[in-house]
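1. Curious how this folds, go ahead:
(chains A, B, C and D)
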Number of protein chains: 2
Amino acid sequence: MPDVDVTKLPALDDLSGLLADRVYCAVKSAIMALDFPPGAIIRKSDICDRFGLSRSPVSDALAKLSTEGLVDIVPQSSTRVSRLSMASVREDAFLREALEVAAARHAALHRSDETVARLVRNIEMQKLLVKDLDKEDFFKTDIAFHETIFATTKVSRFPATVRALSPNVDRARLLLVPEPGRTQDSVQEHIEILEAIKRKDEDAAQSAMRRHVRQLLRRLEPLEAARPDLFSQ
Amino acid sequence: MPDVDVTKLPALDDLSGLLADRVYCAVKSAIMALDFPPGAIIRKSDICDRFGLSRSPVSDALAKLSTEGLVDIVPQSSTRVSRLSMASVREDAFLREALEVAAARHAALHRSDETVARLVRNIEMQKLLVKDLDKEDFFKTDIAFHETIFATTKVSRFPATVRALSPNVDRARLLLVPEPGRTQDSVQEHIEILEAIKRKDEDAAQSAMRRHVRQLLRRLEPLEAARPDLFSQ
DNA sequence: TTGTGTCAACTAACATGTTAGATGAAGTAA
DNA sequence: TTACTTCATCTAACATGTTAGTTGACACAA
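-> Numbering: from 1, shown residues only, chains lettered A, B, ... in the order given. Predicted structure coming up:
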């Protein structure tokens, strides 16, 4: 397995803040974007050279990534980008589903009229983007839909927690090939969630959200066979 | 606000493994046990002296605790045990509920006969411990009950994730005064969860678990007024 | 060919030196 | 007294030196 290509690291353009945090963000985004492919070896000294830094902030950054499961550090030996495994993707998907479903249920019970209005606007936007085949903005609007639901919980770290608990899902997601009609289906699922939230039907909101998030896992399952190079075992 | 008392740190008796990990465990257990009280200042050099170590492993340990929200590091200035806040306790409780409820639902759908047998045995043990007023072992058995349900999800990091997501609930919990009849009620709630799992009624398992975990938050709510010294704002 | 022991090379872990920024007390002016 | 400035002190962040453990190649024996 070759080393990672450190030239793919984004620059540390964020001028303020700790060096360690900035290195962390740069390496994390390279891993999440699969620019650092699963299994590749990360040489700390290469990253030090790339940014002109000492080993301290780089080690701190990699240690943090290690606790999140994105890199595997072998004591006294080596550091590499963690491989995907369908087991870890399923685990991530389970945890994400638990949180998404709880948020949807909470939204149905406690949503304000303003939240409903925001979700309605969001879905109108989704319909337009599907018609215009704008995948990238659709993706962003999709995320905004879910985060609007998260926001009803008043748990400020909800979006960050969901992301932190399911890094493998997010990485694997990038390997998906577009599936004809998937975005339309996705909008329809969002509408069902919204309708349940509108009429304060918490059970319907819960099951609609569950059906929706399980679509992602269904599409991820075949990946292990399609890209065995990126998966362990 | 005084400094923490480093003599309250447990020894690093675990002979193998990284120093940083061992320091992390020692400091974490002191924080979780409230031996390091919320708001107290942690001096890295004191901890270095206590264990006869250099600053590297101690800094690594505190950085990890910082990402978990158990210590607040002010750049270039100071490190202190994070204060509790009812807002963070409520956030923790919401996330914990989401996971506990999802696990209960999953258990109801996918439990094996062996899981049911294990839960039945566990509850028999609970009844005995309540009768004998053995609070400490009851607490352990309670945890084992929940972890048996977690195990049905096959998500190996489930127990660790629940703990990591709700450190403030676990800290605040230690401040609770015993409530007459609470352990009996708790056993009754466990029985309701078990019965729902037994008959594979996922909705009943979900709501029984929700009622159960909400009892904890109900008991935590009055703490802010009772111990304002440990809460921020 | 295959399994084993040795060893050089390399890495992360740990120790220690240095720097920059935050803090708070003392001094000063209004 | 109050508000502002100065400055000494202290801390975490960062740089660098050192150590110890892992790895993989190679020699050699079965």
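2. wait, what's in contact with the residue nearest to the spatial centre of chain A?
-> The residue lying closest to the centre of chain A (C-alpha atoms, centre = their mean) is A:D170, at 3.6 Å. Contacts here follow C-beta atoms under 8 Å, 6 or more residues apart in numbering or on different chains; on that basis A:D170 touches A:32, A:163. The way it works is simple: take the backbone N, C-alpha and C, and place the C-beta from them, glycine included.
3. Is it within a helix or a strand, and which one?
-> Using DSSP states H and E, the element containing A:D170 is helix A:167-173.
4. Quick one: name whatever helix or strand follows that helix.
-> helix A:182-198.
5. quick one on the thing from earlier: report the backbone C-alpha coordinates of the helix holding A:D170 in PDB.
-> Extracted in PDB, the C-alpha atoms of helix A:167-173 (Å, rounded to 0.1, in the frame of the first residue of the first chain):
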ATOM      1  CA  PRO A 167     -17.500   9.100   9.300                       C
ATOM      2  CA  ASN A 168     -17.500   5.800   7.500                       C
ATOM      3  CA  VAL A 169     -20.900   6.300   6.100                       C
ATOM      4  CA  ASP A 170     -19.800   9.700   4.800                       C
ATOM      5  CA  ARG A 171     -16.600   8.300   3.300                       C
ATOM      6  CA  ALA A 172     -18.400   5.400   1.600                       C
ATOM      7  CA  ARG A 173     -21.100   7.700   0.300                       C
END
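6. got any ranges where chain A has weak pLDDT?
-> A:1, A:15, A:233 (pLDDT under 70).
7. the strands in it, which residues?
-> A:41-42, A:71-74, A:78-81 (DSSP state E).
8. Which elements pack onto the shortest one?
-> Read it as strand A:41-42. Here strand A:41-42 touches strand A:78-81, going by 3 or more C-beta pairs under 8 Å, 6 or more residues apart in numbering or on different chains; DSSP states H and E.
9. returning to that earlier point: possible to save the strands of chain A as TSV with mean neighbour count?
-> Output for those, formatted as TSV (neighbours: other C-beta atoms under 10 Å in any protein chain shown):
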stretch	mean neighbour count
strand A:41-42	18
strand A:71-74	16
strand A:78-81	19
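10. what's the closest of the ones you listed to B:R111?
-> strand A:71-74 (33.0 Å; C-beta to C-beta).
11. And for that closest one, what's in contact with it?
-> By C-beta under 8 Å, 6+ apart, the list of residues contacting strand A:71-74 reads A:31, A:42, A:62-63, A:65-66, A:79-82.
12. can I get the CA coordinates of that strand in PDB?
-> Output in PDB follows, covering the C-alpha atoms of strand A:71-74 (Å, rounded to 0.1, in the frame of the first residue of the first chain):
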ATOM      1  CA  VAL A  71      -6.600   6.800  11.100                       C
ATOM      2  CA  ASP A  72      -5.000   3.700  12.700                       C
ATOM      3  CA  ILE A  73      -1.900   4.400  14.700                       C
ATOM      4  CA  VAL A  74       0.300   1.300  15.300                       C
END
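13. in the helix holding A:D170, what counts as buried?
-> Counting neighbours by 16 or more other C-beta atoms under 10 Å in any protein chain shown, one finds that the buried residues in helix A:167-173 are A:167-169, A:171-173.
14. Which residue ranges of chain A form helices?
-> A:19-32, A:44-51, A:55-67, A:86-110, A:113-131, A:135-151, A:158-165, A:167-173, A:182-198, A:202-220, A:223-226 (DSSP state H).
15. Many thanks, I have nothing further to ask.
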